[in-house]
Structure formats: C-alpha cells, structure tokens
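When you get a sec, could you give me coordinates for this:
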Amino acid sequence: MRTLRRNRPGFTLIELLVVMAIISFLAALLVLIGPGLLKSEKAARGAQTLQGILFVAKQQALRDRNPYGIRLLQDSDTQVRSFQYIQQPGDFTGGKVMRSPTDPTKIVVSGVDLSGGLGTDSTLWPVQRGDFIQISTDPFNQIAGVDPATSTITLANSYLGTSGTTLTDQYRIARSARPAPGEDTILLPDGVIVDMGTNRSIITADQRGYFDILFAPSGGIQGGVGGPQQGKIILYPHRADRCLCRRHREFRSLLVHARPARRRAVRQPQRRRNDDAPYGH
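Just a heads-up that it's a prediction; the model follows:
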C-alpha cells in the first residue's frame, strides 16, 4: 500500500540568509543611531527638569508668601549643571548700630549677636556678606564682611549717608537670598548643561556674582541687587558635546520670564519694603 507523504512547511537557505541580513542591518543601524537618540532624550529631560524646578519654586513662593527661587551653580568652565533652591528671609533688625568714628567702612553693632548663636559657619548667620544695611533714611550700603567676635560689619565701600554717628535702633539689613535649608542640590542629566556663553542664556548676575531666579509672593520674577530682572530670562539647556547650531534639533530654549507690554498690576496683601531697597519685593 502506498502511503501519502505530507509536505512540511520550511525555509529555504536563501530565505534564511535574507532574514539574517535584514536583522544584521537593523542591528547595525541601531548601533549607529541609538546613542544619538539617547543623547537627544537627555537634552529633552534636562529642559523638563529645569522647567519642573522653576514651577516648584514659583508655587513655593505663592504658598509661603515669601520670595523663593533657584540659583544656577556654575562649574569651573562657567557652564551650569546643577541648581539650588533659594529663599529670601525678611529684614534683620534688633539692637543698635553706629558708624565707626575712625573707619568709614565699619559699622559697630550693639545688643545683638550677628552670628545668631549658630557657631562659626557664616553661611548660617542671619547677617552675611552681600546683604545691605540702611541706617535711618540713608542709602543702602553693601556688606562685605561680618565679625560677630567684635560685633562689627565691614562695608564694601565707605559709608554713604549722614546718619549713625551715635547708637541708633533706626536701621535695617535687607538680606539677600540664601540656600533653602534641607534642600538638596538638583543635577541635570549627565552630559546636559545650561549654556552660559555669550549670546546664549540671558540672565543678569547680582553684585555677588550669583545667577538667581527669585519669584516674588505674587508669582512674578523678583530681582536681587538693583530691583527686579529687566526684560526677559532665557536659559539654553543642551548637550554639552554639541554646539548651539540650528541643525541640532535637540537644542531647546526656555523662556522663564518676559515683561509684557501691557498688563495690569495686581496688588498683594503684603508688607511692602521701601522702593529703593536692593532686595525689594
């Protein structure tokens, strides 16, 4: 009796070679373009990270009714790869002050501890370098140094004004923004920077050299020395190994703030500082 043989489906040698060639081509293509895709994704994640921490800082200022923001931390190559949350404390008062009769750059303080009892770490003191002191209605004078041991404040320049020849409690110290306690430094993805080169990021450094973005309790941008930031702030996060050329599509600009031509001001129920305060709300 003849038995019928059923043909089994299979692949010819040529078909197998074609499939293997296609798989090899796709693998080689992935090796070539895969790293570039990952780097482009890093640039996008860097922009999202920066946008996220700016949003958190703004919401914190709105919630706490106190200036809050971020500080761009420059590395040795002047580029920014990390950020720090900052907040601005209120004015410092208490005790009495007077100008030194022998040194026009010295202010003598009485009845208050300039270190706040916080030891030798000057970054924790309530009065720090970069703050501004105003006696009576005299102009603000920048503080260049603080010595709690001798209860003296050293100014960046000779005192401007006529008040303070005798001890007086009519003074205040407008304090600059400080790192927010308990907050860790935030890092961009590896290989991503905020470019601080010429014609790149547009942001003004204060007189201490810090690049701060500080949100007022109203939600708007508040400046450091000399009042609010003027114009607009633009940050350029991109891959560190690529130039800012138009053909590099992973390049993204981040517009933080632009002063609109027409916008009605909204008054906030908060204590206002003097208009000439270097760190005014």
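
residue closest to the middle of this structure?
residue 71 (2.1 Å; C-alpha atoms, centre = their mean).

Make sure that residue is actually in contact with residue 83.
Yes. If you go by C-beta atoms under 8 Å, residue 71 and residue 83 touch, sitting 6.7 Å apart. Where you see a C-beta, it was placed from the backbone N, CA and C, and this is true even at glycine.

and the helix or strand residue 233 falls within, what does it pack onto?
Residue 233 belongs to strand 232-235 when elements are defined using DSSP states H and E. Packing contacts for strand 232-235, counted by 3 or more C-beta pairs under 8 Å, 6 or more residues apart in numbering; DSSP states H and E, involve strand 254-258.

and residue 148, what does it touch?
113, 114, 115, 125 (C-beta atoms under 8 Å, 6 or more residues apart in numbering).

pLDDT score for residue 78?
Model confidence at residue 78, expressed as pLDDT, equals 87.

Kindly report the same for residue 39.
59.

With residue 11 instead?
In this model, residue 11 carries a pLDDT of 68.

Can you pull the domain assignment for this structure?
Listed domain ranges for the chain are 67-88+180-281, 96-175 (source: automatic domain parsing).

What degree of burial does residue 203 show, as a neighbour count?
Per other C-beta atoms under 10 Å, the neighbour tally for residue 203 reads 19.

go on, residue 171?
For residue 171, the neighbour count with other C-beta under 10 Å is 22.

Surely it is in contact with residue 159?
No. Counting by C-beta under 8 Å, residue 171 does not reach residue 159; the two are 11.9 Å apart.

where are the low-confidence patches of the stretch 1-150 of the chain?
For the stretch 1-150 of the chain, the stretches with pLDDT under 70 are 1-11, 33-40.

ranges for the helices of it?
Taking DSSP state H, counting those that start in this stretch as the test, the helices found in the stretch 1-150 of the chain are 13-64.

Need the CA coordinates for stretch 141-157. PDB is fine.
Provided in PDB are the C-alpha atoms of stretch 141-157 (Å, rounded to 0.1, in the frame of the first residue of the first chain):
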ATOM      1  CA  ASN A 141      25.400 100.200  51.800                       C
ATOM      2  CA  GLN A 142      26.600  96.700  50.800                       C
ATOM      3  CA  ILE A 143      28.100  94.500  53.500                       C
ATOM      4  CA  ALA A 144      31.400  92.900  52.600                       C
ATOM      5  CA  GLY A 145      32.100  91.100  55.900                       C
ATOM      6  CA  VAL A 146      30.700  90.300  59.300                       C
ATOM      7  CA  ASP A 147      32.700  89.700  62.500                       C
ATOM      8  CA  PRO A 148      30.500  88.500  65.400                       C
ATOM      9  CA  ALA A 149      33.500  88.400  67.800                       C
ATOM     10  CA  THR A 150      34.000  92.200  67.600                       C
ATOM     11  CA  SER A 151      30.300  93.000  66.700                       C
ATOM     12  CA  THR A 152      31.400  94.900  63.600                       C
ATOM     13  CA  ILE A 153      30.200  95.000  60.000                       C
ATOM     14  CA  THR A 154      32.600  95.800  57.200                       C
ATOM     15  CA  LEU A 155      31.200  97.600  54.200                       C
ATOM     16  CA  ALA A 156      32.200  97.200  50.600                       C
ATOM     17  CA  ASN A 157      32.900 100.900  50.400                       C
END
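
so how far is that stretch off the chain centroid?
Average the C-alpha atoms of stretch 141-157, do the same for its chain, and the two points are 26 Å apart (C-alpha atoms, centre = their mean, to the nearest Å).
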